[in-house]
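**Student:** turn this into a structure:
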Amino acid sequence: MKKLLKLLVARKMATTPLGIAALGVGWFLGRRRKRRRAEREAQHNVPQHTSTTHEDVRAAQP
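**Tutor:** Reported below is the predicted structural model:
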């Protein structure tokens with residue numbers, strides 16, 4: 001239902017020059033937001049250095 005509403009609004013806005021400009025700005029901002037989200041997710045998936053190896057070494061020492 002939401003996609004249908006978006007389609008109808010976009011079709012109505014595309015009939016005027018101001019509406020086309022607004023759709024272009026929205027499209028550009030949406031692309032930028034999607035790209036930043038993908039970069040953040042890629043950054044969070046990189047394994048971080050943890051202190052578990054140091055804790056294991058200390059636990060093995062008498």
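**Student:** for stretch 8-15, the averaged confidence score.
**Tutor:** For stretch 8-15, mean pLDDT rounds to 93.
**Student:** ok, now which ones touch Ala22?
**Tutor:** Contact analysis of Ala22 by CB atoms under 8 Å, 6 or more residues apart in numbering lists Met13. Every C-beta, even on glycine, is put in place using the N, C-alpha and C of the backbone.
**Student:** let's see that with 10 Å instead.
**Tutor:** Neighbour list for Ala22: 10, 13-14, 16 [criterion: CB atoms under 10 Å, 6 or more residues apart in numbering].
**Student:** ok, Ala14 next?
**Tutor:** Ala14 sits next to 20, 22-23 when contact means CB under 10 Å, 6+ apart.
**Student:** any idea how many residues pack against Pro25?
**Tutor:** One correction, residue 25 is Val, not Pro. 10 (other CB atoms under 10 Å).
**Student:** now do the same for it: its pLDDT.
**Tutor:** On the pLDDT scale, Val25 gets 96.
**Student:** equivalent analysis for Arg58, please.
**Tutor:** Note on Arg58: pLDDT of 59.
**Student:** check the one 4 residues further on too.
**Tutor:** Note on Pro62: pLDDT of 57.
**Student:** go on, Thr52?
**Tutor:** For Thr52, the pLDDT comes out at 56.
**Student:** start to end distance for stretch 5-25?
**Tutor:** Distance between the boundary residues of stretch 5-25 (CA to CA, to the nearest Å) amounts to 19 Å.
**Student:** residues contacting Val9?
**Tutor:** Applying CB under 10 Å, 6+ apart, the residues contacting Val9 are 19, 23.
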